[in-house]
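# this one's sequence-less:
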């Protein structure tokens, strides 16, 4: 005597759709986990190349230069480190001449 399990077609279709949905969802999560960091890196690089970002960075460095020139000698050491760290990621050719000269002079005095 054989024992057979009979699954109604409707239940089989529902189970198949649930399994397919789960597989597609897991695939989407895995793909997103893989490609999201690369997409964000491209977005970040694009943003850093934008005119608004570069102008904001130059303005920030100019404000820091003004603060440096107004600071007492004890504060100048800390400000110079902050300015050099902030300017490290900037292409010197994109800076105005006065700011380029200021940062290069800071690098010389700080030994970097």
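Ah, there it is. Bear in mind the structure is a predicted one, so any value in this text is a computation, not a measurement.

# buried stuff in the longest helix along the chain?
With DSSP state H setting the assignment, residue counts place helix 9-48 as the longest helix in the chain. By neighbour count on 16 or more other Cβ atoms under 10 Å, the buried set for helix 9-48 is empty. For every residue, glycine as well, the C-beta is placed using N, CA and C.

# now do stretch 64-79
64-65, 68, 76, 79.

# Local confidence estimate at residue 49?
Here the pLDDT value assigned to residue 49 is 84.

# and the gap between residue 16 and residue 24?
With distances taken as Cβ to Cβ, to the nearest Å, residue 16 is found 12 Å from residue 24.

# typo on my end, residue 31
From residue 31 to residue 24 the distance is 10 Å (Cβ to Cβ).

# now residue 13
Distance from residue 13 to residue 24, by Cβ to Cβ: 16 Å.

# For burial, what's the neighbour tally of residue 54?
15 (other Cβ atoms under 10 Å).

# so where's the chain uncertain?
The model of the chain has pLDDT under 70 over residues 1-7, 111-112.

# can you do 90?
By pLDDT under 90, the weakly predicted segments of the chain are 1-54, 73-74, 76-77, 87-95, 107-112.
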